[in-house]
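Predicted model follows, preceded by the sequence.
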Amino acid sequence: MPKPAHLWRGVIEEYREWLPVDDHTPIITLCEGGTPLVRSAWLSGIVGGDVWLKVEGDNPTGSFKDRGMTVAISVATGQGAKAVVCASTGNTSASMTAYAARAGLTPIVLVPHGKIAAGKMAQAVMHGAEVIQVRGAFDQCLDLARGLAEKYPVALVNSVNPVRLQGQKTASFEIVDALGFAPDLHILPVGNAGNISAYWLGYHEYAEAGMAKKTPAMWGFQAAGAAPLVLGKPVDNPETVATAIRVGNPASWALAIAARDDSGGRIEAVTDAEILQAQRELASRDGVFVEPASAAGVAGLLQATHAGEVERGQTIVVTVTGHGLKDTETALSGIESVVDSVIDVDVEAAADAAGLR
């Protein structure tokens, strides 16, 4: 007899009763969600607890954005939209254009000029987007996207659209379902601040419904060069190698602060050097390759642990938000040589080059 298996159906069908859809909503899905929860022996050893990685880069377009986008595009399609628009540092555009292609909608993408990783741009282009580069930062792109949605018949699907956060909250559900309980501490990168808000919403709803007995403290980490929530004021010209969190005035600012305060958490900053070191360590020690922004949470956990601020014995989940293949140029930028040796076709030469003798 074949072993019974659960064919994952995407976050809407898996958590329909928790989402703003009805029987008449056309479901636009790429079977997103159901991402791995991987225990990190490396981080667990350093922290003295049980550390798990929620690997969101395994979503269809390579980032957590797919969770919210399936709901946003489904709702927009049900409301009769013919075109959708977003401002993006890369991952939102990659996700929106894929789901728009599946729904038969026209995707319009506004990106900061020269500030988007090539892998993410390639995704948007291949999915048929109208890509418009803007001489300005992400925040100005979002202002333009809002203006277009107000004046023209296009649906805005950035995280200012509340249904996006509804979809993204499902990651919290998956974590509780997998562990059997909510973690003590949840850590993640913060850019436009929608994700930390969505996770907190999900944990809170599950606890209210009796699906979990507690909620975790939410810890968010921004890049030091793009840390408006840490500074308490917008950053006019945010700069960081972590392009996915290069945001100077987060759209979900108030929600993120509420998530921090209500959960007894924190939002702090890590340097680019700490981010890149965490990215390399995570790949070489745990086999999980993430884009720079995704490593901000890992960098933050290491920073706090070294400062003696992480209590031992806790269950901790760190969300790594996007796949490393999104931005290979930055990943390789600190490596002097990708190729260690060039040899002739000879076994002994190969053994010498590999240090086997």
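Done, it's in.

could you dump the helix or strand residue 349 falls within to CSV, C-alpha only?
Using DSSP states H and E, residue 349 maps to helix 347-354. In CSV, the C-alpha atoms belonging to helix 347-354 read as follows (Å, rounded to 0.1, in the frame of the first residue of the first chain):
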residue,chain,number,x,y,z
VAL,A,347,43.8,11.8,-10.2
GLU,A,348,46.8,12.6,-8.2
ALA,A,349,46.7,16.3,-9.1
ALA,A,350,43.1,16.3,-8.1
ALA,A,351,44.0,14.7,-4.7
ASP,A,352,46.7,17.3,-4.2
ALA,A,353,44.3,20.2,-5.0
ALA,A,354,41.7,18.8,-2.7
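
which other residues reach that helix?
Contacts with helix 347-354, where a contact means C-beta atoms under 8 Å, 6 or more residues apart in numbering, come from 340, 341, 343, 357. Every residue, glycine included, has its C-beta placed from N, CA and C.

The spatially most central residue of the chain and residue 150, how far apart?
By C-alpha atoms, centre = their mean, the mean C-alpha position of the chain lies nearest to residue 321, the distance being 2.8 Å. According to C-beta to C-beta, to the nearest Å, residue 321 stands 29 Å off from residue 150.

swap in residue 6?
Separation of residue 6 from residue 150 (C-beta to C-beta) stands at 43 Å.

Please apply the same query to residue 116.
Counting by C-beta to C-beta, the gap from residue 116 to residue 150 is 24 Å.

Spell out the residue ranges of the strands in the stretch 101-250 of the chain.
Along the stretch 101-250 of the chain, the stretches classed as strands by DSSP state E, counting those that start in this stretch are 106-112, 130-134, 155-156, 185-189, 217-223.

Using TSV, lay out these together with mean neighbour count and mean pLDDT.
What follows is these, written out as TSV (neighbours: other C-beta atoms under 10 Å; pLDDT from 0 to 100):
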stretch	mean neighbour count	mean pLDDT
strand 106-112	23	94
strand 130-134	16	93
strand 155-156	21	96
strand 185-189	28	99
strand 217-223	27	99
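
need these in TSV with distance to residue 349, can you?
Shown next, in TSV, are the strands of the stretch 101-250 of the chain (distance: least, C-beta to C-beta, whole Å):
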stretch	distance to residue 349
strand 106-112	47
strand 130-134	47
strand 155-156	59
strand 185-189	44
strand 217-223	44
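
quick one: the helix or strand harbouring residue 300 to strand 185-189, angle?
Residue 300 belongs to helix 296-306 when assigned by DSSP H and E. On the basis of axes from the mean of the first three to the mean of the last three C-alpha atoms, to 10 degrees, helix 296-306 is oriented at 130 degrees to strand 185-189.
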